[in-house]
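Okay, here's the prediction I keep looking at, along with the sequence it came from:
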Amino acid sequence: MAVLVTGGAGYIGSHAVAALQERGEDIVVVDNLQQGHKGALLGGKLYVGDLRDADFLDTVFKENEIDAVIHFAANSLVGESMKLPGKYYHNNVYGTLCLLEKMNEYGVKRIVFSSTAATYGEPESVPIDEYDRTLPTNAYGETKLAMEKMMKWFDVAHDIKYISLRYFNAAGAHDSGRIGEDHHPETHLVPIVLEAALGKRPHISVFGDDYATEDGTCVRDYIHVSDLADAHLLAVDRLRGGADSAVYNLGNGQGFSVKQVIEIARSVTGKEINAVIEPRRAGDPAVLVASSDRARKELGWNPTRSNLENIIGSAWSWHQSNPEGYDDKK
Ligand SMILES: NC(=O)c1ccc[n+]([C@@H]2O[C@H](COP(=O)([O-])OP(=O)(O)OC[C@H]3O[C@@H](n4cnc5c(N)ncnc54)[C@H](O)[C@@H]3O)[C@@H](O)[C@H]2O)c1
Ligand SMILES: O=c1ccn([C@@H]2O[C@H](COP(=O)(O)OP(=O)(O)O[C@H]3O[C@H](CO)[C@@H](O)[C@H](O)[C@H]3O)[C@@H](O)[C@H]2O)c(=O)[nH]1
């Protein structure tokens, strides 16, 4: 039996594929390579195609015996979603609908889903737990919440069990140094700060310093990508063990402001890193920090790499060895 990983050639997906590979799972990857890279795959059988293509998905489900799906494939940029909400509804909501329909058709009953802190919106209090209000402040978060609700009704009607993992901010790179973060264009804070350290950008733009936080810049909870990957394996195991559907936050429980991230990157890299204050980016909540007690208790999740110096250090090693990212011509 194989695990189907959608978006497995992407940043977090490729780290989950590496973790699945390490424990000897059969892996099938579906990715349209809009952001993914063949070179990011350390294992698995890759099918290049789009989730919204029913004939393509038929081939994947017919040619493989799949017992669980890990669903990463999505568009996931807060800023872009405020300008192009239709793109997010089409790829995220409709794409997930296509996947769930096929799972139902082929009798696949387990799905682990990449959800997000963006489902909460501006929190009423921090740390945020899974029972807190979900009121997204951006279209991206709204589509992820819609996907979670869709899975709930597929569970009610078709007994497809889901574990929705609401990640906070993923960062860092694999311990082996073989895979890391490479998006085009890059919009995430940590890789952009490191590109500035490498001299590939003149500076890092800080989006707003007038938030109600200690230094005025947004606060986020950064979690190492391989700690996230581990949680997916635990979630697959839990579903295989017959558990009911559930939602879990995945974060390290500590908030860092944009200015603090830049300061730590200066110390890790030994580089100057110029920062320029710019206006706020639409859709950004001021503070997102997780309580992951539930994931620790029920999944047995124990993140071990998520100290921010380690996270930035591992990303820095990857960026130094791969300043141009993956070679997509290979
Ligand atoms: N990066 C983060 O900090 C973060 C935080 C919370 C949640 N998430 C979620 O985690 C998931 C993975 O994020 P990431 O940072 O690895 O993104 P990513 O863009 O690197 O990976 C997504 C992958 O899905 C593929 N894809 C997208 N649409 C597809 C489609 N219709 N058919 C087939 N393949 C498709 C892309 O080519 C890409 O390889 C996303 O669902 C995202 O919303 C990410
Ligand atoms: O050049 C930059 C890039 C980002 N930021 C700020 O840095 C913080 C983090 O931004 P970013 O790295 O883009 O991540 P988020 O917008 O917080 O979103 C990430 O984290 C979410 C979970 O919290 C996921 O759902 C998203 O998919 C993922 O992109 C935000 O306050 C941004 O405004 C800057 O100031 N300058």
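Great, that's in hand. Ligands and ions are numbered 1, 2, ... in the order given.

Between the two ends of stretch 180-190, what distance do you get?
12 Å (C-alpha to C-alpha, to the nearest Å).

hmm, who's touching it?
Identification of contacts with stretch 180-190 by C-beta atoms under 8 Å, 6 or more residues apart in numbering yields 11, 35, 37, 40, 77, 79-80, 169, 171-174, 191-192, 195, 204, 220, 222, 225, 258, 261, 265, 311-312, 314-315, 318-319, 322, 325-326. Yep, even glycine has a C-beta here, placed from its N, CA and C like the rest.

quick one: which of those sit in strands?
Of the contacts of stretch 180-190, the ones assigned to strands by DSSP state E are Asn169, Ala171, Ile204, Arg220, Tyr222.

Now narrow the residues you listed to whatever sits close to ligand 1.
Asn169 (C-beta under 6 Å from any ligand atom).

Select only the buried ones of the ones in strands among the contacts of stretch 180-190 in ChimeraX?
To isolate the buried members of the ones in strands among the contacts of stretch 180-190 in ChimeraX, using 16 or more other C-beta atoms under 10 Å:
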select :169,171,204,220,222
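
possible to save the ones in strands among the contacts of stretch 180-190 as JSON lines with pLDDT?
Output for these, formatted as JSON lines (pLDDT from 0 to 100):
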{"residue": "Asn169", "pLDDT": "98"}
{"residue": "Ala171", "pLDDT": "98"}
{"residue": "Ile204", "pLDDT": "98"}
{"residue": "Arg220", "pLDDT": "98"}
{"residue": "Tyr222", "pLDDT": "98"}
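
Just confirm yes or no for the longest helix belonging to the chain near ligand 2.
Counting residues, the longest helix in the chain under DSSP state H turns out to be helix 139-158. No - interface with ligand 2: helix 139-158 contributes nothing (C-beta under 6 Å from any ligand atom), its closest point being 6.6 Å away.

Could you pull out the buried residues of that helix?
For helix 139-158, by 16+ other C-beta under 10 Å, it's 139-148, 150-151, 154-155.

now these as TSV including distance to Gly95 and pLDDT?
Below are the buried residues of helix 139-158 laid out as TSV (distance: C-beta to C-beta, whole Å; pLDDT from 0 to 100):
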residue	distance to Gly95	pLDDT
Ala139	15	98
Tyr140	14	98
Gly141	16	98
Glu142	15	98
Thr143	10	98
Lys144	12	98
Leu145	15	98
Ala146	12	98
Met147	9	98
Glu148	14	98
Met150	11	98
Met151	13	98
Phe154	14	98
Asp155	19	99
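
Mind picking the two most distant members of those?
The span of these, defined through C-beta to C-beta, is set by Ala139 and Asp155 at 24.9 Å.

Now Ser115: which helix or strand?
Assigned by DSSP states H and E, Ser115 belongs to strand 110-116.

Then Val29?
Per DSSP H and E: strand 26-31 holds Val29.

Sheet partners, orientation included, of that strand?
strand 2-6 (parallel), strand 45-48 (parallel) (DSSP bridges).

nearest to ligand 1, of those?
strand 2-6 (6.1 Å; C-beta to the nearest ligand atom).

what's in contact with that closest one?
Residues outside strand 2-6 that contact it (C-beta under 8 Å, 6+ apart) are 13, 16-17, 20, 25-31, 44, 51, 60, 64-73, 99, 108, 236.

Next, count neighbours for Gly208.
Gly208 is flanked by 17 other residues according to other C-beta atoms under 10 Å.

How about the contacts made by it?
Neighbours of Gly208 in contact, by C-beta under 8 Å, 6+ apart: Gly216, Thr217, Cys218, Ile277, Glu278, Pro279, Arg280, Arg281, Asp284.

Show me the helices in the stretch 1-150 of the chain, by range?
11-22, 54-63, 78-83, 85-88, 95-105, 139-158 (DSSP state H, counting those that start in this stretch).

rewinding a little: filter the contacts of Gly208 down to the buried ones and hand me the PyMOL line.
Remark: buried members of the contacts of Gly208, expressed as a PyMOL selection using 16+ other C-beta under 10 Å:
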select buried, resi 216+217+218+284
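
Could you report the separation of the closest residue to Ala40 other than its chain neighbours from Gly36?
Nearest residue to Ala40, sequence neighbours excluded (C-beta to C-beta, 6 or more residues apart in numbering): Ser14, at 3.7 Å. With distances taken as C-beta to C-beta, to the nearest Å, Ser14 is found 8 Å from Gly36.
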